[in-house]
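K.L.:
3D model of this:
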Amino acid sequence: MISRRHALMSTLFGAGLLGLRALASGLPASFLLNPKRALAENPNPICPDNSKAQFIIFSTSGAGDPINANVPGTYDDPAITHSADPSMAPTELSLAGQRFTAALPWSTLPQTALDRTCFFHLMTNTPIHPKEPEVLKLMGSVYAGEMLPSLLAKELAPCLGTIQSQPICLGATSPAEALSYGGAALPIIPALALKATLTSPSGPLNDLQALRDDTLNQIYDLYRSDASPAQRAYIDALVSSQNQVRSINQSLLDALTSIKDNGPASQVLAAVTLIQMKVTPVISIHIPFGGDNHRDIGLATEATQTAAALQTIGDLMQALASAGLSDSVCLASLNVFGRTLGPANTDGRQHNGNHQVSFAIGKPFRAGVIGGVAPLGDDYGALAIDSKSGRGGDGGDIRATESLASYGRTLLAAVGVDTSTISAQISDGRVIEAALA
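P.N.:
Now for the predicted structure:
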């Protein structure tokens, strides 16, 4: 147990508990790692332009959930099959003043969240569950086989001043949903393991005040002899007071104590806590939306899980608002594939490698629907996308086969990654400008 706890602490907070020292002191981890160098390179030792940077909670599933079967953009064609459950009734909702139809649970999100919600009709080009890691690598479009969550984390870490650049995986339900970074597999950290490590009587959150004082004492000589008046003023503005540390300690303990299991609601609590601790820029979770529903009689599981998923997302939005994080955290999704849409899927849906819907909710996104869906063979597939307007249809400058890579490019652009870096990291597709606020 001690060995496992030590390994988890090192994973979360780095050597010498660097991350906890940053949390306790208020000083960026990058500054504490090498204060002299930080002062020499930049009077303000943080990213010089982090105005667009966001933390990202990344929901992913290797089950191929039927998100694509009940979102805006799938209710214009009457041949598309929707759940007949009253809890999934077609319901009008508003996305930043535009009217759309979706399943009832989507309308239960707070209007403030809906006004920042963008739906992307995409093609992952695979109907195979174990291809989830390849989809996260945008089917070979990301340089050096990196995964999209890891690429986002690597680019965001300097601007957000997080403890580590590697993402953290909280919710993987199968090996296919685990993440890698730089080709190395990352550990899966269940929410209960996080709770057990951080809330024990000997846990690190009980020593934050002592750790704050020790950290400040260690940098005092440097502060006194090497820092300019401007640098001193900047450091003073960052340092947390004893009262602030007590407040941080109590709020984190309260949140972690609320974790009861490893389910979606607990993953959300854990993710928000890790963001408050500035551990990593990207945290992956698993929110089920119906699962691998081949034999879902009457699409009942699809209805039940979709309603529960939207409740979880609504609770996440409330937790972010309560923590003052609504403008600095995005929720994004990407699943291995979508499900067949019709016209005869009343008792279960099959794999659909031609249509999957991802959503992104956050300040950087323009609410609406990107792309669309049309008959393809005996089912439906994603349309080409016009990058300027976001409309789906013939003549779009993003082919359906490029839509997955374009989604990755668009997420990077939304959080402030520059165009040259995006082009160097993702070989296909283009930024969907219509999705950006």
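K.L.:
just so I have it, where are all the strands in the stretch 101-250 of the chain?
P.N.:
117-122, 168-169, 180-181, 184-185 (DSSP state E, counting those that start in this stretch).
K.L.:
Surely residue 95 touches residue 72?
P.N.:
Yes - contact criterion Cβ atoms under 8 Å: residue 95 and residue 72 qualify, at 7.1 Å. Just so you know, the C-beta spots here come from the backbone N, C-alpha and C atoms, and that holds for glycine as well.
K.L.:
what residue ranges in the stretch 51-200 of the chain score low on pLDDT?
P.N.:
Scanning the stretch 51-200 of the chain for pLDDT under 70 picks out no residues.
K.L.:
hey, where'd the helices end up in it?
P.N.:
Assigned by DSSP state H, counting those that start in this stretch, the helices in the stretch 51-200 of the chain fall at 104-107, 111-114, 132-136, 148-160, 191-199.
K.L.:
Looking at residue 95 and residue 72, which one has more neighbours?
P.N.:
Just comparing residue 95 and residue 72: by other Cβ atoms under 10 Å the higher neighbour count belongs to residue 72, 24 against 21.
K.L.:
show me the contacts for the more buried one.
P.N.:
The neighbourhood of residue 72, defined by Cβ atoms under 8 Å, 6 or more residues apart in numbering, consists of 93, 95, 100-102, 106, 119, 369.
K.L.:
what residues are shared contacts of residue 95 and residue 72?
P.N.:
If you check residue 95 and residue 72 against Cβ under 8 Å, 6+ apart, the residues they both contact are residue 369.
K.L.:
about what we covered before: so for residue 352, which of the strands of the stretch 101-250 of the chain sits nearest?
P.N.:
Residue 352 sits nearest to strand 117-122 of all the strands of the stretch 101-250 of the chain, at 11.3 Å, using Cβ to Cβ.
K.L.:
hang on, the earlier thing: kindly write the ChimeraX command that selects the buried subset of the contacts of residue 72.
P.N.:
Under the burial definition 16 or more other Cβ atoms under 10 Å, those of the contacts of residue 72 that qualify are selected in ChimeraX by:
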select :93,95,100,101,102,106,119,369
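K.L.:
Which one of the contacts of residue 72 is nearest to residue 289?
P.N.:
residue 106 (11.0 Å).
K.L.:
List the contacts of that closest one.
P.N.:
70-72, 91, 93, 114, 310.
K.L.:
Could you single out the nearest of those to residue 207?
P.N.:
For these, the nearest to residue 207 is residue 310 (39.1 Å; Cβ to Cβ).
K.L.:
per-residue confidence averaged over whatever helix or strand the closest one lives in?
P.N.:
In the assignment (DSSP states H and E), residue 310 maps to helix 300-322. Across helix 300-322, the average pLDDT comes to 97.
K.L.:
circling back: which one of the strands of the stretch 101-250 of the chain lies closest to residue 79?
P.N.:
The nearest among the strands of the stretch 101-250 of the chain, by Cβ to Cβ, is strand 117-122 at 16.5 Å.
K.L.:
Residue 150: what's its closest spatial neighbour, skipping adjacent residues?
P.N.:
Nearest residue to residue 150, sequence neighbours excluded (Cβ to Cβ, 6 or more residues apart in numbering): residue 181, at 4.4 Å.
K.L.:
nope, residue 373 is what I meant
P.N.:
Residue 373's closest residue in space is residue 380 (Cβ to Cβ, 6+ apart), at 4.9 Å.
K.L.:
what's the answer for residue 183, then?
P.N.:
Per Cβ to Cβ, 6+ apart, closest to residue 183 is residue 145, 6.6 Å.
K.L.:
likewise residue 350?
P.N.:
Nearest to residue 350 is residue 340, by Cβ to Cβ, 6+ apart, at 4.5 Å.
K.L.:
residue contacts, the residue of the chain positioned farthest from its centre?
P.N.:
Distance from the C-alpha centroid of the chain peaks at residue 225, with 41.8 Å (Cα atoms, centre = their mean). Neighbour list for residue 225: empty [criterion: Cβ under 8 Å, 6+ apart].
K.L.:
do you know how far it is from residue 214?
P.N.:
19 Å (Cβ to Cβ, to the nearest Å).
K.L.:
what does residue 140 give?
P.N.:
Residue 140 is 48 Å from residue 214, by Cβ to Cβ.
K.L.:
Please apply the same query to residue 187.
P.N.:
28 Å.
K.L.:
Check whether the residue nearest to residue 350 really touches residue 352, as I assumed.
P.N.:
Yes - in this structure, residue 340 is within contact of residue 352 by Cβ under 8 Å, at 4.9 Å.
K.L.:
any shared contact partners between the two?
P.N.:
Joint contacts of residue 340 and residue 352 (Cβ under 8 Å, 6+ apart) are 379-380.
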